[in-house]
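> after the sequence you'll find the predicted model.
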Amino acid sequence: MEINPDFALGYSNLGKILNACGKLEEGELEKNKGINLSFIQNIDAKNKEECLKNLSLSKSQFKQDLFVLSELNFKKNGFFVEFGSYDGLTGSNSYILEKYFNWNGILAEPCISCYEQLKENRSVIIETKCVWKISGEEIIFNEPFSHKQNSTIDSISDNRKNIYKEGNRYKVKTISLLDLLEKNNAPRFIDYLSIDTEGSEFEILNVFDFKKYKFNVITCEHNFTPMREKIYNLLTSKGYQRKLTNISRVDDWYVLNE
């Protein structure tokens with residue numbers, strides 16, 4: 001199946017125009033059409049048909065969930081780890097893995113206002129401590145008043161030009177990724193790791209023991225910050241290959257080469 005790449009770009013640009021005109025619902029619809037076309041255009045040919053079948057189920061912003069499934073041959077009964085998880089539904093990279101492919105896993109989200117929704121939407125392990133490079137610390141967490149912005153560690157938000165200037169700040173306990181996995185008896189070989197912590201991704205991964213646990217697929221947010229290259233250098237040194245960089249504008253997708 002051949003798809004004209006101009007179609008995807010056209011839908012995306014139309015979505016931006018509609019958003020700028022205040023037509024937010026229509027704008028998001030057109031942007032999503034562009035994302036869907038771009039994903040289907042770039043995914044491996046052997047997986048296009050199955051991805052199309054499951055396209056309407058996807059909750060991910062850039063179809064990360066379908067990328068994971070396509071890389072793992074639409075595996076059933078896998079295991080994922082996702083943080084931050086928000087409400088477990090909106091923009092979730094693991095929702096359809098759990099609900100439609102019978103995966104188990106761990107969700108980590110310290111945002112207080114998200115907890116009840118997260119429990120309602122999901123049936124897997126939920127960790128309310130903040131994943132960080134060190135366990136047992138007490139840090140200031142910033143939960144923005146606007147739902148268009150994600151929660152983050154306060155020191156990280158301060159370093160990002162005050163885009164998270166206004167928010168509800170409170171103290172949370174931290175847990176390292178390694179301790180999170182050990183605490184919840186995660187398998188040594190985990191199918192999927194989704195990381196979205198609004199700026200602390202590299203610090204979390206840089207201290208992690210990749211010999212103790214391995215991940216088949218990793219998606220890691222970067223938002224085109226300088227940390228993107230550091231994350232790339234770290235993960236490629238651990239045997240991961242970055243793939244499909246022209247689909248997502250906010251994160252990179254890695255697959256273990258073994």
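Yep, it's here. Numbers count the residues shown, from 1 in each chain.
> nearest residue to the middle of this structure?
Averaging the C-alpha coordinates of the chain gives a centre point, and the residue nearest to it by Cα atoms, centre = their mean is Ser194 (4.5 Å).
> check which helix or strand covers it.
Following DSSP states H and E, the helix or strand that holds Ser194 is strand 189-195.
> can you get me a residue count around Ile35?
Burial of Ile35, expressed as a neighbour count using other Cβ atoms under 10 Å, amounts to 22. (C-beta placed from N, C-alpha, C; glycine too.)
> re the thing from before, next SSE after the strand holding Ser194?
Using DSSP H and E, the helix or strand that follows strand 189-195 towards the C-terminus is helix 201-206.
> which residues are in contact with that following helix?
Helix 201-206 is touched from outside by 131-133, 176-177, 195, 197, 220-222, 227, 230-231, 234-235, with contacts defined as Cβ atoms under 8 Å, 6 or more residues apart in numbering.
> tell me the two of those that are most distant?
Farthest-apart pair in the contacts of helix 201-206 is Ser176 and His222; separation 20.5 Å (Cβ to Cβ).
> so Ser85, which of the three states?
Here Ser85 is recorded as coil under DSSP: H, G, I helix; E, B strand; the rest coil.
> dump the residue contacts of it.
Taking Cβ under 8 Å, 6+ apart as the test, what Ser85 contacts is 92, 94, 107-109, 114, 118, 122, 126.
> switch to 10 Å and redo it
Ser85 sits next to 91-95, 105-111, 114, 118, 121-122, 124, 126-127, 194, 196 when contact means Cβ atoms under 10 Å, 6 or more residues apart in numbering.
> how about Ser94?
Contacts for Ser94 (Cβ under 10 Å, 6+ apart) come out as 59-60, 64-65, 68, 78, 80-82, 85, 88, 101, 103, 105-107, 122, 124, 192, 194.
> do Glu82 as well
The neighbours of Glu82, taking Cβ under 10 Å, 6+ apart as the test, are 88, 92-95, 97-98, 105-109, 122, 124, 192-196, 219.
> just the ones of these in helices?
For these, membership in helices holds for 95, 97-98, with DSSP state H as the criterion.
> now those residues in a markdown table, with pLDDT?
As requested, the ones in helices among the contacts of Glu82 are arranged in a markdown table below (pLDDT from 0 to 100):
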| residue | pLDDT |
| --- | --- |
| Tyr95 | 98 |
| Leu97 | 99 |
| Glu98 | 99 |
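> quick one: which of those residues is nearest to Asn73?
Scanning the ones in helices among the contacts of Glu82 for proximity to Asn73, where the rule is Cβ to Cβ, the winner is Leu97, at 13.4 Å.
> how many residues are close by that closest one?
Should you count by other Cβ under 10 Å, Leu97 turns out to have 28 residues around it.
> I figured it hits Phe67, correct?
No. In this structure, Leu97 is not within contact of Phe67 by Cβ atoms under 10 Å, at 11.5 Å.
> who touches both of those two?
Both Leu97 and Phe67 are in contact with Tyr192, where contact means Cβ under 10 Å, 6+ apart.
> let me see the ranges of the strands in the stretch 51-200 of the chain.
Across the stretch 51-200 of the chain, reading from the start of the chain, the strands by DSSP state E, counting those that start in this stretch fall at 79-83, 104-108, 125-127, 130-131, 138-144, 152-153, 167-175, 189-195.
> where's Gly34 relative to Leu66, distance?
When Cβ to Cβ, to the nearest Å is the yardstick, Gly34 and Leu66 sit 15 Å from each other.
> comparing these two, which residue is more hemmed in?
Neighbours were counted for Gly34 and for Leu66 using other Cβ under 10 Å; Leu66 has more, 25 against 19.
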